[in-house]
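A.B. asks: build the 3D model from these lines:
(chains A and B)
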There are 2 protein chains.
Amino acid sequence: MSQQRWVRLSTEKPTSAVYVLGSEISLDVCGSAPAGAYAFQVQKTLGVNYVVRDTNISQVPSRVPRWPLDIRVEVVVTMNKSSRRVNEGKVTISYYKANEETPMAKAVLLLTCVEISLDADSSRSGTVTKKVENKKEWTWGPEGSGAILLVNSDRERLGAKDMDNQDEKVGSEKDLKDMSIMILTTRGPDNIFEKYQLVLHVSASENDKVRVFHAQDGKPVSQYPAVLGPKNASYEVKGNRNQEAVFYVEGLAFPDANFSGLVSFHVTLLENPPEKFPAPPIFSDTVVFRIAPWIMTPNTLQPRTVYVCRERKNTDFVDAMKELASRTGCALIICEGEKNQGDRWIQDEMEIGYVQAPHEWFPVVFDSPRNGMLKDFPFKDVLGPDFGYVKLEQGDETPSELDCFGNLEVSPPVTVRGKQYPLGRILIGSYISRKENRQMFKFVRDFLYAQKVQSPVELDSDWLAVGHVDEFLAFVPAPDRKGFRLLLASPSACYKLLKEKEQEGYGDALMFEGKLDTCDQVKIKCILNDQELRSSNEYFQKSIDWNRDTLKRELGLTEEDIIDIPQLFKPATLEIVAGKAIAYFPDLVNMLVLERHLGIPKPFGPIVNKECCLEREVRRLLEPLGLSCTFIDDYKTYHRMYGEIHCGTNVCRKPFSFKWWNMTMP
Amino acid sequence: MSQQRWVRLSTEKPTSAVYVLGSEISLDVCGSAPAGAYAFQVQKTLGVNYVVRDTNISQVPSRVPRWPLDIRVEVVVTMNKSSRRVNEGKVTISYYKANEETPMAKAVLLLTCVEISLDADSSRSGTVTKKVENKKEWTWGPEGSGAILLVNSDRERLGAKDMDNQDEKVGSEKDLKDMSIMILTTRGPDNIFEKYQLVLHVSASENDKVRVFHAQDGKPVSQYPAVLGPKNASYEVKGNRNQEAVFYVEGLAFPDANFSGLVSFHVTLLENPPEKFPAPPIFSDTVVFRIAPWIMTPNTLQPRTVYVCRERKNTDFVDAMKELASRTGCALIICEGEKNQGDRWIQDEMEIGYVQAPHEWFPVVFDSPRNGMLKDFPFKDVLGPDFGYVKLEQGDETPSELDCFGNLEVSPPVTVRGKQYPLGRILIGSYISRKENRQMFKFVRDFLYAQKVQSPVELDSDWLAVGHVDEFLAFVPAPDRKGFRLLLASPSACYKLLKEKEQEGYGDALMFEGKLDTCDQVKIKCILNDQELRSSNEYFQKSIDWNRDTLKRELGLTEEDIIDIPQLFKPATLEIVAGKAIAYFPDLVNMLVLERHLGIPKPFGPIVNKECCLEREVRRLLEPLGLSCTFIDDYKTYHRMYGEIHCGTNVCRKPFSFKWWNMTMP
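C.D. replies: This next block holds a predicted model:
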């Protein structure tokens, strides 16, 4: 719908008005009519068009077309191209008394057509497109429109102290590439703009979410001034108006509980009044941006880099990671001892996702509220050129284990009862309803929900002593069905396997050989006869089954999509988590997934026919999917500290080929 | 979709399980099969039903129906009514080797059917309805579902210090009526619930928005304990389970920028494990409420009460208000001098709206951030039995004039390009884009937007020295068209009228007769010849016209829906608002609308034929709509202080007959 402007006329003197290309001017024909007028006639010069609207009213019979003076008769004027001189177009309204042929009075409107347009990449093609319909409204889907903005959260210059959007400067040409272009086009006679102000503005509720730089012809980017942002909600655009003004827009904040992510920019043309009278606005154009959400990457996406911590005793483990990473051609980044101070839980410290606009994308590390010795690593070492960073403001509350990002995973793409989640769904470990609960901070959960494109599912992870979802589930790629399988830790499957082995005559086979400090021998039959262990695992299995039901319902899975991985847990003895589950032997689902290569904690299960029967079972379950299982010893350096391979690694993966803005939203 | 639960079986011992009416149990037939099993058969006792799902798989040829052991074959068990004793139902899975007639093993499932249901008035009938489909999801519209909750913001007991929802007590039976009922139904064998916990809970992000009281049979309401609320997110429901537990729910907070208004309550059944093992959840039911929005009432709704302030010199004015109110049979409440301390701007201090649920409604006064001498009046005198109160948390920032609620109006119901607004749209006076702007506090605007049902429109009121939308617009009822007219103050119409009078020979007619302190005489021709006044009014008219264009577009109005009321403004001289508009003569649109009776500021316009020509013109424009114009002298006690009748009054109106939950939302 065109923007329409009501223009008053006068029979005493000509009225001058600016007409903005693409808008409509509606004439106040009745209001300016002299007393006694009965009908009117419209005349116009070349380049001016008009229509008389309201088909209910017929013309007054006459030799020339005349219209009755009636409030229902609307005269709408438009022009086709910007004027070369001021007052180039003219519309004359002649007023007539009844039955008279000579007009009793005339009202003259002098028109100057100007072009004013604020544009961005509203068609999401990667470059600014002008004359996009609906650039004022942001809509989802392949047919949707509306521009996209990135939170400029990386740090292009290596020595820089902070992220690129933390100062009011453009750092480099490369920094500009992370911003979205917005162009203000103004055309018309040079001197017309002397009588008008052009103001670029953003709502005062949104100006703290963005910063806008004004490109200056022939100057280095470092001299582009910041014209809108937390300090300024409006900016008068001066200078030569007969050209395009180019602006670069950067995002300062991700969508959150009280910020939808939408930011509208407006350019308003105001008449320049004499004296101190408030300037009346006469035209406004708007372009809307959505700040790109932070997107998580599931195990089914191709890895780019693997992260691991080195400490005194894990040389073999680091080597094994290096070997595994090299198989998929991805780099291994080692966080050295002086940086981690013995904190090896790099999965818990951060989650690596990405942001994407049509013109650019880069990974973004989300720094968890957990503040172990690794706390500076994401900001100091992961943040960098084309690698963004986000950490949420945190109050004084102490984070719980559930705030670690081993408790934050994402499923591969799924379809649930017809609803598509082409970027998968975030999985948060939470609690269900027990009397005393731990849960992830509300501000973290709010943030995850506010990203919208990976609608979170809350699971129950509070039955675990540590309490992370990666202790009982993992996704692995598969060539068939939905493209993946969900692996669930399963005490039932483990008891079934051990019982079979006992029945086959291997009841005396030993677990943990060479791994125990004591001389205890853990035989299959001892495990099977341990009633307390069995009883606790029945409860743990039920908690996993609750999650299984939730995952089937919320991810649209069937039993065929799930593989039960044999696993036992045991009740913790530490007072604050007493009775909650910890892995009895290295937790098999807590694995590193690099394409078809799986780095799985070596379980040290009972040796049957010279082979660990747990490893054999895992291979039997996974190898038919084309997966390659590498069992890696993490017993002393991870398992004994209540974590495994997944907890001790992190992966930066390639983005989805699916673009988030093509999602269909209700 | 039924809630489905995965239940594991064993061939070693019977498995006991609770089945919850309306859910499904899916049996882990494959997982419990002994090695070598090839097919299975299902048997069940009376009262138990099962289906075998997956039509791709055909039965194994046999004399009795047998199914192949295949992960794709799903056995789903249901029951029809709650059991009278524990383990009343039984399902037996018999496992067969290939080509054998005798089962090699059996797995037995013993079932106890219980009923667990959490219900509210999800069908919006005014009473709790059980077995409502989709009670877990809140949807808009006449076909929508989902319960409704009121913010219990009134004060039933006159001596009470605060609103009813500010303590953890039920004040009276009448207090209960402002709450919504939620019923937890549990049925089943008495002793079954000894093995289970039933926990009522609310998300820890929502528990600060609600409070739940648990009704106690035979006890006075004052002894109903608060069981959920800001201090508690979960509550174990104990006591006799074989009956209905009744809960009363009150809202604590209105929807806002970071609160959608939706609150879900869950009841979860958890197994009671021995020792300290975490209780595994096995069933959960959910009911969702939406907290009713605060709704504003336009001039077209019937008035219930009119408010006015008394001060030393306005006895005549108060009497005139009393007379006007009595014509529509509504009460006049006078805020006496000791309460207002000379602050007469009761329109600016508060806005009276209402909240509504299917079972109850009451008016709610929204206390503005403006804190004049009237600041205690809404809380001390308006808040009361069945009269709620809301004030938003305010930081240290000083409110501007734009935060006064004379700057907050609402249109009658409109339809805009096919989109219906059956409760009208809120109008906020804001600014457009001038370099230095005032605007309503973000937290107030956020609150208004978050109510959702009266989607706000932002106008430009910053061209006015005081800056309130009620200085240039008003809505009056009309018998035709959309049921109303928009009145806009119009300098153009005023100049046109005065010019006509001059041409008719009344150029010497005097304005303000008897009202001016000086001996100045203001003749029509002096006004017409005052070029500065004319020039400033041209600019003011353009600012009004910008709003006219916005109102036409956002309310779907045409010229026929608008009436131009003659009005002149003059530029203010006070430094901080220099050049901005103040009413030149009493502002005619700043009127009190009580049905067809309009209380209009007496303009003291030029006397033509013994009659004020402005009054005559206003009557000519409005009387054909059946409206009755009473011109009331507010010159010295209001107009000279930059306000008029609307600014000095307030009205509590009846609610819309249209129920807000029947709105269709995108």
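
A.B. asks: partner strands of the helix or strand harbouring A:Leu109 and their direction?
C.D. replies: Element membership for A:Leu109, per DSSP states H and E: strand A:105-119. Taking DSSP bridges as the criterion, strand A:105-119 forms sheet pairs with strand A:15-20 (parallel), strand A:89-96 (antiparallel), strand A:180-187 (antiparallel).

A.B. asks: can you list those strands in CSV and add mean pLDDT?
C.D. replies: Output for the strands paired with strand A:105-119, formatted as CSV (pLDDT from 0 to 100):
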stretch, mean pLDDT
strand A:15-20, 96
strand A:89-96, 96
strand A:180-187, 96
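
A.B. asks: before we move on, back to that, what is the mean pLDDT for the strand holding A:Leu109?
C.D. replies: Average pLDDT, strand A:105-119: 96.

A.B. asks: and stretch A:215-231, by the same measure?
C.D. replies: 94.

A.B. asks: what sits up against that stretch?
C.D. replies: For stretch A:215-231, the surrounding residues in contact (C-beta atoms under 8 Å, 6 or more residues apart in numbering or on different chains) are A:168-173, A:175-176, A:200-202, A:207-208, A:210-214, A:232, A:234-235, A:245-248, A:252, A:265. Bear in mind the C-beta positions are built from the backbone N, C-alpha and C, glycine included.

A.B. asks: 7 Å instead, please
C.D. replies: A:168-170, A:172-173, A:176, A:200, A:202, A:207-208, A:210-214, A:235, A:246-248 (C-beta atoms under 7 Å, 6 or more residues apart in numbering or on different chains).

A.B. asks: sort out for me which of these are in helices.
C.D. replies: Per DSSP state H, helices hold the following members of the contacts of stretch A:215-231: A:173, A:176.

A.B. asks: buried among the contacts of stretch A:215-231? Make that a PyMOL selection.
C.D. replies: With 16 or more other C-beta atoms under 10 Å in any protein chain shown as the criterion, this PyMOL line picks the buried residues out of the contacts of stretch A:215-231:
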select buried, chain A and resi 169+170+176+200+202+207+210+211+212+213+214+235+246+247+248
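
A.B. asks: now, the contacts of stretch A:215-231 that are in strands?
C.D. replies: Among the contacts of stretch A:215-231, the members found in strands (DSSP state E) are A:200, A:202, A:210-214, A:235, A:246-248.

A.B. asks: what bridges to the residue of the stretch 51-200 of chain A found nearest chain B?
C.D. replies: Of all residues in the stretch 51-200 of chain A, A:Val199 sits closest to chain B, at 4.2 Å by C-beta to the nearest C-beta. On the basis of DSSP bridges, A:Val199 is bridged to A:Glu236, A:Thr268.

A.B. asks: circling back to that earlier point, what helices and strands are in contact with the helix or strand just after the strand holding A:Leu109?
C.D. replies: The first helix or strand that comes after strand A:105-119 along the chain, using DSSP H and E, is strand A:147-149. Applying 3 or more C-beta pairs under 7 Å, 6 or more residues apart in numbering or on different chains; DSSP states H and E, one finds that strand A:147-149 contacts strand A:180-187, strand A:281-291.

A.B. asks: for these, which one ends up most surrounded?
C.D. replies: Most buried of the helices and strands packed on strand A:147-149, by mean neighbour count (mean count of other C-beta atoms under 10 Å in any protein chain shown): strand A:281-291, with a mean of 23.

A.B. asks: ok, it near chain B or not?
C.D. replies: Yes - under the criterion of C-beta under 7 Å from any C-beta of the partner chain, chain B is reached by strand A:281-291 at A:281-282.

A.B. asks: just say helix, strand or coil for the one residue sitting closest to the centre of chain A.
C.D. replies: Nearest to the mean C-alpha position of chain A, by C-alpha atoms, centre = their mean, lies A:Pro293 at 0.9 Å. Classification of A:Pro293 using DSSP: H, G, I helix; E, B strand; the rest coil returns coil.

A.B. asks: got a list of what the nearest residue to it once chain neighbours are set aside touches?
C.D. replies: Using C-beta to C-beta, 6 or more residues apart in numbering or on different chains and skipping the chain neighbours, the partner closest in space to A:Pro293 is A:Gln451 (3.7 Å). By C-beta under 7 Å, 6+ apart, A:Gln451 lies in contact with A:255, A:293-294.
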